[in-house]
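Participant: Got a predicted structure here, sequence first:
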Amino acid sequence: MNKIEGTNDFVIRFATVNGSGSASANNLFARSLFRMGLAVSAKNIFPSNIQGLPTWYEVRVSTSGSLARRGGVDMVVAVNGQTLRQDYVSLEPGGYFFFDSSKQLPEDFTRSDITLIGIPLTLLVNEAFAGSKQRPLLQNIVYVGAVAALLDMDLSMLKNGIGRQFAKKPALAEANLKALELGHSYAREHHADACLLRVRGNRRTDNAIMMDGNTAAALGALYAGATVVGWYPITPSTSVIEAFARYAGRFRLDEEGRLRVAIVQAEDELAAIGMVIGASWNGARSFTATSGPGFSLMNEFLGLAYFAEIPAVLINVQRVGPSTGMPTRTQQSDVLSCAYASHGDTKHVLLFPSTPAECFELTATAFDLAEELQTPVIVLSDLDLGMNEHVSPPLEWNDELAYQRGRVLDAVALAVLAEKAEKWGRYLDRDGDGIPWRTLPGTDPERGVYFTRGTSHNEFSGYTEDSAEYVKNMQRLSLKWETAKLKVPAALIQVGETTPGFATSPGLIYYGTSYAAVEEAAALLAQDYGLKPAILRLRAFPFGPEVADFLKQHRPIIVVEQNRDGQMRQLLINECSNECGVAPVDVLSLTLYDGMPLASREVLSGLRQLLDEHGLPEASSQSRQGESA
């Protein structure tokens, strides 16, 4: 049998039980690898109940620096009897099956192509911590210590992590350190040469942080000056508001220690977005966070904010739908519902972060865009980005940055208009770009007053059912949409190369958390086929002119996304086909939507299949990295 071997290049999956405290131990392991300077990708795959169902925690370390899930498992730490057989079958040939040998494996576990590593976790813990109520939690630390021994991993990072975690609870710190040494010593004594996977420290993550996207988004809102939050709890967005409240409690206090922000838990999502719109109308920077089902309930008020032109920021941490779906699985399935939310002709600005750093940056940007464009702006994250910790560039903020409040008239500006005998109109396009000027309540009791309505209105906010006035207003909103194309963050493009068999270089389009898997798959295409497609990562909707240019220049176009119906492909065709002349047949979909974070092997396989149908050259004789043998 050929054992899988390698240094700083493997996938380990911890198979445990939800609510057992394993997440803390698994996170300790992943963070310790990060502190060793390794490129680590950690994915917590957990059920939507509180306790008892299976959960998996997958850790990938990559010598190439890729932060995507790879696909496949090199070592399974199988400590959940419910999934023992499933975990056994899932292991790659040559892999390592780590199990609790306090109980024998089933007789039909007879694979000859894997290495069994039995550690009597239950017996060790019961003997070492007899009578302790912490035994189930300490068992998790025992397997972390054993895995560290198998990988020949320096224990100092794990010990330091335990010290930080239990800094205020020395008795628990002592017990956890004892459990760590217990597992480590047993594995060293009984399985010294069993595993050929190794970890060694390097400097790859010296200039990086490890953080979840929801926390980063909360900090983005805080730095952007948000002072009002209306929200209703829903997985996986709740921790956005929890993080905002936590940081506001530290950094948004007045001299007497009173909180300078309002965080209001509403009775439902419709009320929550109503509070946000009302606060924004009054001049406060306000936001909410939700997920698919909650967003569906917000549609009516989003239509009001679009038509009445009221700024608002909404963070949608997407999960698997439709309906309740799978609340703790990830997807990108709210693209169309967000882009065209509410009835009638509406279009909403969307931002697509890919990393925690972009969650911070684009959430802060959303507040500026919302006020500059006087419209709702939706930050489209997802569960993988929001709730999992990612290696990311550091969060950066320019202290000299000024908030962009957009076109707001104060009392002096209104008086100047009056002196010129010019009449201000709330929906009057004075600058030719579709964006009107607004006033805030109380600016001027006579000159700055207008009626905010969701009914049809003229340039001076007066109610009208005049068809010409209605059409004029809607055309102005379309013009504002064209202006938005030049204000939103531009797409990021990597130039490709023309390949024999193709008239032009193929183009890959992707967004959000697909980025790591797509970029790794593209690198493997270049390595194995000499095929280097052009790559475009969308960061915003509406699409800027660079997106239309990309669509013109490349054939075929493949849009990689995490939903069934190819929603981004539909959006690109809807919005760009007339402008760039692209035919729907030239825009292909690669859709992967099982709720798991995207894996580079899956993307590579899908790209090969699609490109093969369009003239993909034969693979080179080089081995195809990232594929199963």
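Facilitator: Yes, it's here. Numbers count the residues shown, from 1 in each chain.
Participant: residues contacting the nearest residue to R438 once chain neighbours are set aside?
Facilitator: Leaving aside its chain neighbours, R438 sits nearest to V408 (5.9 Å; criterion: Cβ to Cβ, 6 or more residues apart in numbering). Every residue, glycine included, has its C-beta placed from N, CA and C. Applying Cβ atoms under 8 Å, 6 or more residues apart in numbering to V408 gives the contacts 437-440.
Participant: Name the nearest of the residues you listed relative to G6.
Facilitator: Nearest to G6 among those is R438, at 59.7 Å by Cβ to Cβ.
Participant: sorry, back to before: mind giving me CSV with the contacts of V408 and columns for distance to Q553, neighbour count and secondary structure?
Facilitator: Output for the contacts of V408, formatted as CSV (distance: Cβ to Cβ, whole Å; neighbours: other Cβ atoms under 10 Å; DSSP: H, G, I helix; E, B strand; the rest coil):
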residue, distance to Q553, neighbour count, secondary structure
W437, 39, 20, coil
R438, 40, 24, strand
T439, 45, 21, coil
L440, 45, 14, coil
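Participant: Please convert the residues you listed to TSV, extending it with distance to G145 and pLDDT.
Facilitator: Conversion of these to TSV gives the following (distance: Cβ to Cβ, whole Å; pLDDT from 0 to 100):
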residue	distance to G145	pLDDT
W437	65	97
R438	61	97
T439	64	97
L440	60	96
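Participant: pull the CA atoms of the longest helix along the chain into CSV?
Facilitator: Counting residues, the longest helix found in the chain (DSSP state H) is helix 170-190. Output of helix 170-190 as CSV, limited to C-alpha atoms (Å, rounded to 0.1, in the frame of the first residue of the first chain):
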residue,chain,number,x,y,z
PRO,A,170,-6.3,28.3,35.1
ALA,A,171,-7.9,25.1,36.4
LEU,A,172,-9.4,24.4,32.9
ALA,A,173,-6.2,25.4,31.2
GLU,A,174,-4.3,22.9,33.3
ALA,A,175,-6.8,20.1,32.5
ASN,A,176,-6.7,20.9,28.8
LEU,A,177,-2.9,20.9,28.7
LYS,A,178,-2.9,17.6,30.4
ALA,A,179,-5.4,16.2,27.9
LEU,A,180,-3.2,17.5,25.0
GLU,A,181,-0.1,15.8,26.4
LEU,A,182,-2.1,12.6,27.0
GLY,A,183,-3.1,12.2,23.4
HIS,A,184,0.3,13.3,22.1
SER,A,185,2.2,10.8,24.3
TYR,A,186,-0.1,7.9,23.4
ALA,A,187,0.2,8.5,19.7
ARG,A,188,4.0,8.9,19.9
GLU,A,189,4.3,5.6,21.8
HIS,A,190,2.0,3.5,19.8
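Participant: Which parts of the stretch 101-250 of the chain are helices?
Facilitator: 121-128, 135-150, 156-165, 170-190, 213-223, 238-251 (DSSP state H, counting those that start in this stretch).
Participant: Compare these and give me the one nearest L604.
Facilitator: Closest approach to L604 among the helices of the stretch 101-250 of the chain (Cβ to Cβ): helix 213-223, 24.9 Å.
Participant: got the angle between the closest one and helix 238-251?
Facilitator: 40 degrees (axes from the mean of the first three to the mean of the last three Cα atoms, to 10 degrees).
Participant: Please save the CA atoms from helix 213-223 in PDB.
Facilitator: C-alpha atoms of helix 213-223 as PDB (Å, rounded to 0.1, in the frame of the first residue of the first chain):
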ATOM      1  CA  GLY A 213     -16.700  37.400   7.400                       C
ATOM      2  CA  ASN A 214     -19.600  38.300   9.600                       C
ATOM      3  CA  THR A 215     -17.300  39.900  12.200                       C
ATOM      4  CA  ALA A 216     -15.500  41.700   9.400                       C
ATOM      5  CA  ALA A 217     -18.700  43.000   8.000                       C
ATOM      6  CA  ALA A 218     -19.800  44.200  11.400                       C
ATOM      7  CA  LEU A 219     -16.500  46.100  11.800                       C
ATOM      8  CA  GLY A 220     -17.100  47.600   8.300                       C
ATOM      9  CA  ALA A 221     -20.500  48.900   9.400                       C
ATOM     10  CA  LEU A 222     -19.000  50.300  12.600                       C
ATOM     11  CA  TYR A 223     -16.100  52.100  10.700                       C
END
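Participant: Now do it: which elements does it pack against?
Facilitator: If contacts are counted by 3 or more Cβ pairs under 8 Å, 6 or more residues apart in numbering; DSSP states H and E, helix 213-223 sits against helix 238-251, strand 286-290, strand 312-318, helix 356-373, strand 376-382, helix 383-387.
Participant: who touches the residue nearest to L151 when sequence neighbours are not counted in this structure?
Facilitator: In space, L151 comes closest to V199 once its chain neighbours are excluded; the distance is 4.8 Å by Cβ to Cβ, 6+ apart. By Cβ under 8 Å, 6+ apart, V199 lies in contact with 7-8, 33, 36, 38, 61, 151-153.
Participant: of all these, which comes closest to G321?
Facilitator: Proximity of the contacts of V199 to G321 (Cβ to Cβ) peaks at V61, which lies at 32.6 Å.
Participant: Quick check: the gap between the spatially closest residue to I573 that is not a sequence neighbour and N574.
Facilitator: Ranked by Cβ to Cβ, 6+ apart and with sequence neighbours excluded, the top spatial neighbour of I573 is P584, at 5.3 Å. Distance of P584 to N574, given as Cβ to Cβ, to the nearest Å: 10 Å.
Participant: And Q104, by the same measure?
Facilitator: Distance of Q104 to N574, given as Cβ to Cβ: 59 Å.
Participant: Low-confidence bits of this protein, can you list those?
Facilitator: 499-503, 616-629 (pLDDT under 70).
Participant: The residue most central in space within it and A216, how far apart?
Facilitator: Centroid check for the chain by Cα atoms, centre = their mean gives L385 as the closest residue, at 2.4 Å. For L385, the distance to A216 equals 9 Å [Cβ to Cβ].
Participant: hey, what's in contact with both of these two?
Facilitator: In contact with both L385 and A216: 356, 359, using Cβ under 8 Å, 6+ apart.
Participant: Pull up the pairing partners for the top strand by length along the chain, direction included.
Facilitator: If you go by DSSP state E, the chain has its longest strand at strand 91-100. The sheet places strand 91-100 alongside strand 73-78 (parallel), strand 115-119 (parallel), with pairing taken from DSSP bridges.
Participant: If I take it and helix 121-128, what angle do their directions form?
Facilitator: Relative orientation of strand 91-100 versus helix 121-128 (the same axes, to 10 degrees): 20 degrees.
Participant: Make 58 the starting number, not 1.
Facilitator: OK, 58 is where the count begins now, so the last one is strand 148-157.
Participant: tell me which residues of strand 148-157 are tucked away?
Facilitator: Neighbour-count burial for strand 148-157 flags 148-149, 151-157 (criterion: 16 or more other Cβ atoms under 10 Å).
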